[in-house]
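A.B. asks: Model the structure of this input:
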Amino acid sequence: MRQKEMIKFYFRRICHNIRTFLKWGIFSSVTGLIVGAFSTLFAECLIFVTDFREENPWMILLLPFAGLFIVFLYGIFRYKNDKGTNLVLSTIHAETELPFRMAPLIFISTLITHLFGGSAGREGAALQLGGSIGNQLGRWFRFDEKDRHIVVMCGMSAAFSAIFGTPIAAAVFAMEVVSVGVMYYAALVPCVFAALIASKFAINMGINPDSFEILWLPQFHLIPSVKIIVLALCCAALSVIFCIVLHSLGDLYRDKLKNPYIRIVFSSLIIIVLTILLHTDDYMGAGIPLIEKAIGGEVRPTAFIWKILFTALTLEAGFKGGEIVPSFCVGATFGCLFGHMIGLSPSLCAAVGMVSVFCGVTNCPISALLISFELFGYEAVPYFMIAISVSYLMSGYYGLYHDQTIVYSKYKTEYINRKTRD
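C.D. replies: Numbering: from 1, shown residues only. Now for the predicted structure:
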């Protein structure tokens, strides 16, 4: 009798696992296709507006009017204090609700920001786009609250994967970024399936994934390793500075310029003046051309400083976009400069700086390592591992996202459960 009960128990457990797998397998496939389609359209539009702006550099002069329209648009939908990617993380923590109308808002406003020369990324917008679409799909499928949290992560992975072309990192990033020290493995199958399907969809539609080649890679020896450690320490400090500048400028704006219309016009005028004085459009948009130059060994010594400032002026004024690619750009340009200064491959240092600053601002070492694999290959793995681990430890509890939770300490095996610093 006992043997029969055990057989029934295991049979029910197997059936339950099969049903769960089928549920998430089907849903993540649907999510990957839908979010992948929207994200591919978003990527195509970004390419179009970026090309148009590069052919018409005078568009930067209209940045204040673009800013006024974005503030007006968010005012109509009553999102005057939009939290951006923080809203997605807060939704997963069950602290707020992510509305579906956030998807078209972030879609349109990010395109406007890029069209008129704002310094912003694309992945932050992708996370909001994918998260809001995924959350709405979860509502239509009548999932409970806990399953909808997985759905949001699933949508984030799909959008990040489609736009940036790094499906492995995208699958892990959505599970890692929410709570540092804890991975939401319940979302593993949905995030992996959705990321791979969305990436394949985007590639088939002509969105080629980014990839870079390290021009000169030294053998893994003690001296280059020590230099990489020093670079990682500098990148950890730079990631803290990046977060502090962004959040401090935002606090200053909200304290001194309470009117969002005045705030965004004021910041736009500063961006226009700086662009004219510097005689370059390098700091407009996400900064991919600047990253390519840095990986190629070319860099202006002050490029990383200007990119931090332009990104802060853009995003904290009220323009929309992401912080991730600008952080890549900051790390790559600083790394290239560092390589020239200490006599180590500027191309390698740019690549290492890129992922080190990303790790420092997001507190996501696993995702940073996977991104390094997908963007640069596996030949420089030891250097990436050293730099990412050092940057993660030394960047402390600072981060881009207020609603990211540090669950376990970076320094001891203890539970702390605190928000990141700004």
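
A.B. asks: Can you spell out which helices and strands pack onto the helix or strand hosting residue 51?
C.D. replies: Remark: residue 51 resides in helix 2-55, with elements defined by DSSP states H and E. Using 3 or more Cβ pairs under 8 Å, 6 or more residues apart in numbering; DSSP states H and E as the contact test, the elements touching helix 2-55 are helix 102-115, helix 123-140, helix 145-164, helix 188-204. From N, CA and C alone the C-beta is placed, and that goes for glycine too.

A.B. asks: Toward the C-terminus, what is the element adjacent to it?
C.D. replies: Elements were assigned by DSSP H and E; along the chain past helix 2-55, the next helix or strand is helix 63-76.

A.B. asks: quick one: that next one to helix 102-115, angle?
C.D. replies: Taking axes from the mean of the first three to the mean of the last three Cα atoms, to 10 degrees, helix 63-76 and helix 102-115 form an angle of 170 degrees between their directions.

A.B. asks: Distance from helix 63-76 to the middle of the chain?
C.D. replies: 23 Å (Cα atoms, centre = their mean, to the nearest Å).

A.B. asks: How about residues contacting that helix?
C.D. replies: 80, 82, 105, 108-109, 112-113, 115-118, 260-261, 264-265, 267-269, 271-272, 317-320 (Cβ atoms under 8 Å, 6 or more residues apart in numbering).

A.B. asks: try 7 Å
C.D. replies: The contact list for helix 63-76 (Cβ atoms under 7 Å, 6 or more residues apart in numbering) reads 80, 82, 105, 109, 112, 116-118, 260-261, 264-265, 268-269, 271-272, 317-320.

A.B. asks: Go through that helix and flag the buried ones.
C.D. replies: By neighbour count on 16 or more other Cβ atoms under 10 Å, the buried set for helix 63-76 is 63, 64, 66, 67, 68, 70, 71, 73, 74.

A.B. asks: Kindly indicate which of those lies nearest residue 248.
C.D. replies: residue 67 (20.4 Å; Cβ to Cβ).

A.B. asks: on that earlier part again, check the contacts of helix 63-76 for burial and list the buried ones.
C.D. replies: Buried among these (16+ other Cβ under 10 Å): 82, 105, 109, 112, 116-118, 260, 264-265, 268, 271-272, 317-320.

A.B. asks: Need the helices and strands packed on helix 2-55 in JSON lines (columns: mean pLDDT).
C.D. replies: JSON lines is the format used below for these (pLDDT from 0 to 100):
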{"stretch": "helix 102-115", "mean pLDDT": "89"}
{"stretch": "helix 123-140", "mean pLDDT": "82"}
{"stretch": "helix 145-164", "mean pLDDT": "88"}
{"stretch": "helix 188-204", "mean pLDDT": "94"}
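
A.B. asks: Make TSV out of these and add distance to residue 294.
C.D. replies: Written out in TSV, the entries for these read as follows (distance: least, Cβ to Cβ, whole Å):
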stretch	distance to residue 294
helix 102-115	20
helix 123-140	18
helix 145-164	18
helix 188-204	25
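
A.B. asks: okay, those helices, which one's buried deepest?
C.D. replies: Ranked by average neighbour count under the criterion mean count of other Cβ atoms under 10 Å, the helices and strands packed on helix 2-55 are headed by helix 145-164 at a mean of 29.

A.B. asks: for the residue nearest to the spatial centre of the chain, what are its contacts?
C.D. replies: For the chain, the residue whose C-alpha lies nearest the mean C-alpha position (Cα atoms, centre = their mean) is residue 324; its distance is 3.8 Å. Neighbouring residues of residue 324 by Cβ under 7 Å, 6+ apart: 121, 123, 124, 358.

A.B. asks: could you redo the last one with a cut-off of 6 Å?
C.D. replies: With contact taken as Cβ atoms under 6 Å, 6 or more residues apart in numbering, residue 324 is in contact with 121, 123, 124.

A.B. asks: what's the burial count for the spatially closest residue to the last one that is not a sequence neighbour?
C.D. replies: So that's residue 124. Counting by Cβ to Cβ, 6 or more residues apart in numbering, the nearest residue to residue 124 once its immediate chain neighbours are dropped is residue 322, at 2.2 Å. Per other Cβ atoms under 10 Å, the neighbour tally for residue 322 reads 26.
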